[in-house]
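Trainee: no sequence for this one, just the structure:
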């Protein structure tokens, strides 16, 4: 387990390459290229949307499994459906669960995301 103090990231939700949707883990994305204080990795997180706090999992990094280069915060919000593009929201990174890593296939990435969800939600 990693020690991390709770960090807040506020920003505008931007479009991505929509791979998360095809993996069953759609994400709300923020540009964090200028945030040197954020350590790359996968986090248990939470986000407030319209007065409700949602549990979430977030990745900070460049998405090496899909040849990403732009540093993003990608947040999958559990039990949420809706369009957040263009909205300004705040994500709280609560606990780092693993380092960002490169997977050899999209199937391996999807399997790890399922494991990350279990680590965070216990289900």
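Mentor: That came through, no problem. Because the structure is predicted, anything quoted here is derived from the model rather than measured.

Trainee: list the contacts of the helix or strand containing residue 11.
Mentor: Per DSSP states H and E: residue 11 is located in strand 7-12. By Cβ atoms under 8 Å, 6 or more residues apart in numbering, the residues outside strand 7-12 that reach it are 30-32, 35, 37-38, 73, 86-93. Yep, even glycine has a C-beta here, placed from its N, CA and C like the rest.

Trainee: please pick the buried ones from these.
Mentor: 30, 32, 38, 73, 89, 91-93 (16 or more other Cβ atoms under 10 Å).

Trainee: quick one: which of those sit in strands?
Mentor: Residues of those located in strands (DSSP state E): 30, 73, 89, 91-93.

Trainee: export these to CSV and append columns for distance to residue 66 and pLDDT.
Mentor: What follows is these, written out as CSV (distance: Cβ to Cβ, whole Å; pLDDT from 0 to 100):
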residue, distance to residue 66, pLDDT
30, 17, 96
73, 16, 96
89, 23, 96
91, 21, 97
92, 25, 97
93, 21, 97
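
Trainee: among the residues you listed, which one sits closest to residue 101?
Mentor: Set against residue 101, the nearest of these by Cβ to Cβ is residue 73 (16.9 Å).

Trainee: tell me which residues are up against stretch 74-82.
Mentor: So stretch 74-82 is in contact with 16, 20, 25-30, 45, 47, 49, 54-59, 63, 91, 113, 117, 121, going by Cβ under 8 Å, 6+ apart.

Trainee: which of those residues fall within strands?
Mentor: For these, the ones inside strands are 28-30, 45, 47, 49, 54-59, 91, with DSSP E as the criterion.
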